[in-house]
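J.: coordinates only, sequence not included:
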């Protein structure tokens, strides 16, 4: 059964230095409040997994939490670069980070395989791409029925999954609605999971085939209203596209970034 | 785009003698009206695929439509045997049929892989079972990352998928609600598809993550109210459990079965 | 103070008691479903029941006839697709107990639901594997409930549809990512458990008024009894009341043709 | 009767025209998204637009900034998970056109969105592959739209993130279950198509007021021109009106901070 904790307690109890952490939410429901709490608690040497690192990992990488990044598209969507990620990769600031990159299809399949308890995912992918030359985790297998050559990647099985969702009921069942991304998969694939929610309610109000994670499939739940901002929560608040654009200016410069981090993360408590 | 046809036209146009046909619906939404139309049109030499043959295939096998059956559980749920299936397998009446059997997990994975356009499905399955000794389509592969031995089965890619659903809108988008089974998968895995629906409506009334098949992923739609009876359609009518029990008596005897078939299928038009 | 009860009721009540509140149980249709719902309606109100049709955490008011009755879906937390059920929830390792019935079982708890006789020339063709082969290996443990008879309890099953411990009791040894397998078999006569070493089924408890001879008579091999053989506690009045109510509701529900619009 | 328009507008309008009503288009963010929605709002109202965030058949009123803005989900027929999107809808063969942008493109229409320089010592680190590597091979064909410049149009990309026709133009030969690959590249100067034999990109149409020299100047290899070089039709007044309205709505929407409850 999921344990209801404060966000501070959940991060403190379930995320350790050196852990492999996957914080998911495909554009929608990105767990920013949890990311900021990880920064405040100065977690270090994390292997961070996310299809789209987005601003949340740009901030965590800039704050020095990451040792390694596994990803498939590392830009600021519709805006440009993630400058903190680039600064780490290109200039080693605040320190060098290792990167391992995939395509979206491969990562989506790897999460799916992780949720399915399998060691590998098989896909028709990476044909003609140079990515297999720089990622030794991409292999190829032969179909025993047709002889076709197919790509294989290891499944994602993180130590901790972190997601944000619209709401939980009082027993700890969680509803995710809208762009559900790979959130169900990452929670099921992980050893432990932290789910932040907009609110805790008596009744989820879920439709019959809704994306609901049962309480017994979740480790910890923390209430974090507006916990996805500047990403969004369908039915609660919109994506703050203006902030995504502003981030380009904030993150481009180390000093501006550090000032932003101090004011908006360290000097503010859990969102 | 899906074409709206009568059930008679849809079966006549899209199902040929000798085709591989998968009619799905896991207990819920079993396409009985379509099955009866196939019997009336005296389709022959079909390779029938279904996880649970259920009464619909018992009737079609007894009526002589099937050459081969691919399945994973061939009983009358909660009641006992499928006597027409047993009579065909044990006594060759009305003629001998070939069978190829899997476990549910393997067939579910094979449909999933078919929908995913892959030639094979990989699962942790069949460990210690004798099924691989009698089904030469079950093979084993080695994971290139961990060395683990995993089962592999060919994906299901039928000529025709037939399913029943609650409703279509006027553009031909289809909503499936409740026990959705493997209906989405079989339609996406098949070369052609026939979807029968309870009704055609202006607005599907679908929730944001509902199981909806877009019109462009379907070949033909036929209105068939009560088209799943004695199975059921959530929101429309309940499962006729009494008929499932009665079927045991009807199907046990060849003459009773043939009388039933004449009266209830041949002498009645499309449901 | 001695209650009247049938051997079938004894079996269902005993099987129900094997489940606890914190278990996530993948439920087979028939006897396992009856036992699992009895547990939920008595001592284990929060036990999580899952059916292979995709219904997660379901609380039916009457027993389903099939694995996918509307009752299961309407009372579930949510309903997922069948591939998701087998991939994420079963193979993904979220099921603590698989609860199975069978047509044949042998001394190493291997199950046969495929056929009697030879595969290509069957004497009796049974329904087949269904969910059982992977439930038995992917669930953390397996409970089995089945009526005791010489036809059912055979020395060696005609066909291993679903592995218990294999023909030699060693089928799970050194296999990665495999559950513990059958940990208890509950019949209308007794409770059996695998010997920790050999994995052969051993009678550990006799139901009230059942003798060793009754069990020997109903078993197709030279059955062993545990050194500390105990007597299974009789059903309580409450257990019997709840079970009988459940069965009466179920029979009333399934014998009426449901043809109206909801 | 001559309308004023920018080269960017010319590019978007021309790219939009490549889409027809019966296509199912997997849309990349940025220029492809602008073109695809312009097509939907002009000559192809029923074109099916799909974004990798899982939104099937979506009809946004403003252009999304990201691939998963709320607008996309709210106006979609339904929204599926990201694994389902890549497995069933893309790899399953239901996408007729993948519409991509890029940072670098070479003469064989290979795309680089990974980095400039050496992989281990990048001069410029770009975002990476995203959906493109599998969109380019699993969609039946690929349209590319990108601004023309010598930095972008290079003889050989630094890194093949996404295959066009490979380093030698033969990467798709004899590969089973692979799409036709890039069939058209639309820039702000011209339209290019692969030579049917060599697969090298050839200019087939020049936009109004663009000269061969303009294209040669903006291309990093010795660019070839088709024998029957035509002039791209100028945008119509309606196309320009719809495009400008769309961009105005989009800019207004994205510059206001959306912080209220819905």
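T.: Sure, I can see it. Predicted, not measured: the structure shown is a model, and the values here were computed from it. Numbers count the residues shown, from 1 in each chain, chains lettered A, B, ... in the order given.
J.: okay, CA-based contacts and neighbour counts for the rest of this
T.: Noted.
J.: name the spans of the chain whose pLDDT lies under the cut-off.
T.: Since no chain was named, I'll use chain A. For chain A, the stretches with pLDDT under 70 are A:269-271.
J.: oops, wrong one, chain C.
T.: Using pLDDT under 70, the flagged stretches of chain C are C:1, C:256-262.
J.: longest helix in it, please.
T.: In chain C, assigned by DSSP state H, the helix with the most residues is helix C:237-255.
J.: which bits of the stretch 151-271 of chain A sit near chain C?
T.: Contact residues, the stretch 151-271 of chain A versus chain C (Cα under 8 Å from any Cα of the partner chain): A:188, A:189, A:207, A:208, A:209, A:210, A:211, A:212, A:214, A:217.
J.: so where do the helices sit in the stretch 151-271 of chain A?
T.: For the stretch 151-271 of chain A, applying DSSP state H, counting those that start in this stretch gives helices covering A:183-189, A:241-252, A:254-261.
J.: which of the residues in the second one are buried?
T.: By neighbour count on 16 or more other Cα atoms under 10 Å in any protein chain shown, the buried set for helix A:241-252 is A:241, A:242, A:243, A:244, A:245, A:247, A:248, A:250, A:251, A:252.
J.: returning to that earlier point: by neighbours, which of the residues of the stretch 151-271 of chain A next to chain C wins?
T.: Counting neighbours by other Cα atoms under 10 Å in any protein chain shown, residue A:189 leads these with 30 neighbours.
J.: leaving out chain neighbours, which residue sits closest to that residue?
T.: Excluding its sequence neighbours, the residue lying closest to residue A:189 (Cα to Cα, 6 or more residues apart in numbering or on different chains) is residue A:115, at 4.1 Å.
J.: for chain C, longest strand please?
T.: In chain C, taking DSSP state E as the definition, the longest strand is strand C:224-231.
J.: let me see the contact set for residue 177.
T.: Since no chain was named, I'll use chain A. By Cα atoms under 8 Å, 6 or more residues apart in numbering or on different chains, residue A:177 lies in contact with A:165, A:166, A:210, A:211, A:234, B:208, B:209.
J.: try again with chain C
T.: Contacts were defined as Cα under 8 Å, 6+ apart; by that measure residue C:177 touches residue C:138.
J.: how about it, phi and psi?
T.: Residue C:177 adopts backbone torsions of phi 50, psi 40, taken as degrees, to the nearest 10.
J.: tell me where the stretch 101-250 of chain C has strands.
T.: Applying DSSP state E, counting those that start in this stretch to the stretch 101-250 of chain C gives strands spanning C:104-105, C:111-112, C:115-117, C:122-125, C:141-145, C:182-186, C:190-194, C:201-206, C:224-231.
J.: can you say which of those strands is nearest to residue D:37?
T.: The closest of those to residue D:37 is strand C:141-145. By Cα to Cα, the value is 53.6 Å.
J.: what residues does the closest one touch?
T.: C:11, C:15, C:31-32, C:96-102, C:135-136, C:179-187.
J.: let's go with 7 Å and repeat that
T.: Strand C:141-145 is contacted from outside by C:15, C:31-32, C:96-101, C:136, C:179-187, using Cα atoms under 7 Å, 6 or more residues apart in numbering or on different chains.
J.: can you tell me which of these are in helices?
T.: Per DSSP H, the contacts of strand C:141-145 map to helices at C:15, C:31, C:32, C:136.
J.: list just the nearest of the residues you listed to residue A:5.
T.: Looking across the ones in helices among the contacts of strand C:141-145 and measuring by Cα to Cα, the closest to residue A:5 is residue C:136, at 35.4 Å.
J.: show me the contacts for that closest one.
T.: Taking Cα under 7 Å, 6+ apart as the contact definition, residue C:136 lies against C:98, C:142, C:162, C:163, C:181.
J.: any idea how many residues pack against residue C:239?
T.: Residue C:239 has 23 neighbouring residues, counting by other Cα under 10 Å.
J.: go on, residue C:40?
T.: Residue C:40 has 21 neighbours, counted by other Cα under 10 Å.
J.: what does the stretch of helix or strand it belongs to contact?
T.: Applying DSSP states H and E as the criterion places residue C:40 in helix C:31-41. For helix C:31-41, contacts defined as Cα under 7 Å, 6+ apart pick out C:12-13, C:15-17, C:19, C:27, C:46-47, C:63, C:99-101, C:145, C:243.
J.: just stretch C:232-251 next, same as before
T.: With contacts defined as Cα under 7 Å, 6+ apart, stretch C:232-251 is touched by C:10, C:13, C:38, C:42, C:62, C:63, C:205, C:206, C:207, C:208.
J.: quick one: what helix or strand has the second one in it?
T.: The reference is to residue C:13. Using DSSP H and E, residue C:13 falls in helix C:7-17.
J.: and what of the fifth one?
T.: Under the criterion DSSP H and E, no helix or strand holds residue C:62.
J.: distance of the closest residue to it other than its chain neighbours from chain D?
T.: Once flanking residues are discounted, residue C:62 sits nearest to residue C:250: 4.8 Å by Cα to Cα, 6+ apart. From residue C:250 across to chain D, the span is 37 Å (Cα to the nearest Cα, to the nearest Å).
J.: repeat for residue A:67
T.: For residue A:67, the distance to chain D - Cα to the nearest Cα - is 16 Å.
J.: my guess is that residue contacts residue A:100. True?
T.: No. In this structure residue A:67 lies outside contact range of residue A:100 using Cα atoms under 7 Å: 11.5 Å.
J.: so for those two, which sits in the more crowded spot?
T.: When residue A:67 and residue A:100 are compared for neighbours, residue A:67 comes out ahead with 19 against 15, by other Cα under 10 Å.
J.: which strands border whichever strand or helix holds the more buried one, and is each parallel or antiparallel?
T.: Per DSSP H and E, residue A:67 falls inside strand A:66-71. Strand pairing for strand A:66-71, determined by DSSP bridges: strand A:46-49 (parallel), strand A:98-101 (parallel).
J.: next SSE after that strand?
T.: Using DSSP H and E, the helix or strand that follows strand A:66-71 in sequence is strand A:75-76.
J.: and the longest helix of chain C, which residues are buried?
T.: Buried residues in helix C:237-255, counting neighbours by 16+ other Cα under 10 Å, are found at C:239, C:240, C:242, C:243, C:246, C:247, C:250, C:253, C:254.
J.: which one of those residues is nearest to residue A:143?
T.: Comparing these against residue A:143 with Cα to Cα picks out residue C:254 as the nearest, at 46.6 Å.
J.: wait, the closest one touches residue B:242, no?
T.: Yes. Shown here, residue C:254 and residue B:242 form a contact pair, counting by Cα under 7 Å, at 5.7 Å.
J.: how about stretch A:5-22: buried residues?
T.: With burial defined by 16+ other Cα under 10 Å, the residues of stretch A:5-22 counted as buried are A:5-8, A:10-11, A:14-16, A:18-22.
J.: could I get those as CSV with secondary structure?
T.: Listed next are the buried residues of stretch A:5-22 as CSV, based on DSSP: H, G, I helix; E, B strand; the rest coil:
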residue, secondary structure
A:5, coil
A:6, coil
A:7, helix
A:8, helix
A:10, helix
A:11, helix
A:14, helix
A:15, coil
A:16, coil
A:18, coil
A:19, coil
A:20, strand
A:21, strand
A:22, strand
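J.: measure residue A:42 to residue D:33 for me?
T.: Separation of residue A:42 from residue D:33 (Cα to Cα, to the nearest Å): 39 Å.
J.: repeat that for residue C:239.
T.: 63 Å.
J.: what is the orientation angle of the longest helix of chain C with helix C:7-17?
T.: 110 degrees (axes from the mean of the first three to the mean of the last three Cα atoms, to 10 degrees).
J.: and residue A:130, how many neighbours?
T.: Counted with other Cα under 10 Å, residues neighbouring residue A:130 total 18.
J.: rewinding a little: among the contacts of helix C:31-41, which pair sits farthest apart?
T.: Across the contacts of helix C:31-41 (Cα to Cα), the longest gap, 22.7 Å, separates C:46 and C:101.
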